[in-house]
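Undergrad: whatever this is, show me its structure:
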Amino acid sequence: MKKFAVCFLSGLVCISSLTGCLGQSGQAEGPGPEPISAEMLAQDVYDALQEEWDSYDSLSTEQKMLSSHLPGAFYEDFSDWAACEEFLGMSVPNPLEEAAWLDHGTYVGMPEGFQDAPNVRVSLCGTREGHVEWLSVESGYRDGEIRVTLDAMLYGDPAEGISTDSGWSVELKRQSYIANVDDDPVLITEDSGEQYVSRTAYLAQGHVLYRVSVIGDPNLQDHVQETLENVLSEFENV
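TA: Residues are numbered from 1 along each chain as shown. The predicted structure is shown next:
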């Protein structure tokens with residue numbers, strides 16, 4: 001069932017004033033995922049996008065003003081990765097699906113069935129004219145007490161009339177990767193707090209920019225690092 005995406009849904013924050021990492025044509029410069037073409041996606045995707053815009057257009061002016069919903073943005077939930085690919089009409093390589101040492105979890109890396117959260121979530125943003133700007137496929141896994149989340153992000157060519165200085169955090173992730181990656185195609189960041197430690201890796205392969213996060217308790221820091229290394233080794237043959 002289609003759901004509407006709001007501005008803070010799944011960490012996709014509506015952003016303005018992107019840093020200037022785009023070229024004059026609006027295309028990303030430097031290393032990064034290859035853009036997908038309109039023909040690569042199934043008609044189901046465009047039907048869902050049209051339904052989203054029809055629903056928005058059915059609102060009154062007052063309802064639109066009061067709504068926190070961003071038109072053109074929505075998400076779909078799936079029980080597994082294969083069902084998601086069937087909806088999209090294309091293969092999105094995910095080596096973690098076949099990693100025997102990982103248990104499947106919800107899309108945020110909690111145990112399966114936790115609060116009825118789905119295993120896979122697809123977020124998508126597109127224009128009224130039917131142009132898909134980007135889509136994000138999220139899934140989650142478990143390595144014992146360690147959470148592993150994967151976000152596979154795909155991008156269309158910039159739509160006509162879309163400003164290069166505004167967008168969502170999905171686009172910001174691409175810009176950050178392009179701006180910060182060096183000779184090593186894997187960009188790794190670290191984060192920690194009183195109750196967690198995390199390691200996140202970004203890597204671009206083909207049409208996909210992957211974001212893989214490994215999260216655990218502070219006393220599992222070494223385990224978190226080891227799990228990330230094992231996760232990245234799964235991508236070597238993608």
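
Undergrad: how about the residue positioned nearest the centre of the chain: what's its closest non-neighbour residue?
TA: Centroid-nearest residue in the chain: Ser136, 3.1 Å away (criterion: C-alpha atoms, centre = their mean). Excluding the flanking residues, the one nearest Ser136 by C-beta to C-beta, 6 or more residues apart in numbering is Ser123, at 4.5 Å. C-betas here are computed from N, CA, C, even on glycine.

Undergrad: which of the helices or strands spans the one you found?
TA: strand 120-126 (DSSP states H and E).

Undergrad: between the helix or strand following that strand and strand 120-126, how big is the angle?
TA: As assigned by DSSP H and E, the chain's next helix or strand after strand 120-126 is strand 132-143. Angle of strand 132-143 versus strand 120-126, following axes from the mean of the first three to the mean of the last three C-alpha atoms, to 10 degrees, is 160 degrees.

Undergrad: dump stretch 130-149 to CSV, restricted to CA.
TA: C-alpha atoms of stretch 130-149 as CSV (Å, rounded to 0.1, in the frame of the first residue of the first chain):
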residue,chain,number,x,y,z
GLY,A,130,6.1,11.7,-14.4
HIS,A,131,9.9,12.2,-14.1
VAL,A,132,11.4,10.1,-11.3
GLU,A,133,14.1,12.3,-9.6
TRP,A,134,15.3,9.6,-7.2
LEU,A,135,14.4,6.5,-5.4
SER,A,136,15.7,4.9,-2.2
VAL,A,137,15.4,1.2,-1.3
GLU,A,138,16.0,0.5,2.4
SER,A,139,16.5,-2.9,4.1
GLY,A,140,17.9,-4.2,7.4
TYR,A,141,19.7,-7.1,8.8
ARG,A,142,21.2,-8.4,12.1
ASP,A,143,24.6,-9.7,13.1
GLY,A,144,23.7,-10.9,16.6
GLU,A,145,23.0,-7.7,18.5
ILE,A,146,24.5,-5.5,15.7
ARG,A,147,22.1,-3.7,13.4
VAL,A,148,23.0,-3.4,9.7
THR,A,149,21.0,-1.1,7.4
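
Undergrad: before we move on, back to that, look up the residues forming beta bridges with the residue nearest to Ser136.
TA: For Ser123, the beta-bridge partners under DSSP bridges are Tyr75, Ser136.

Undergrad: close enough to count as contact, it and Tyr75?
TA: Yes - contact status for Ser123 versus Tyr75: in contact at 4.4 Å, counting by C-beta atoms under 8 Å.

Undergrad: what segments of the protein are helices?
TA: Secondary structure of the chain (DSSP state H): helices at 43-57, 61-66, 81-88, 169-180, 221-234.
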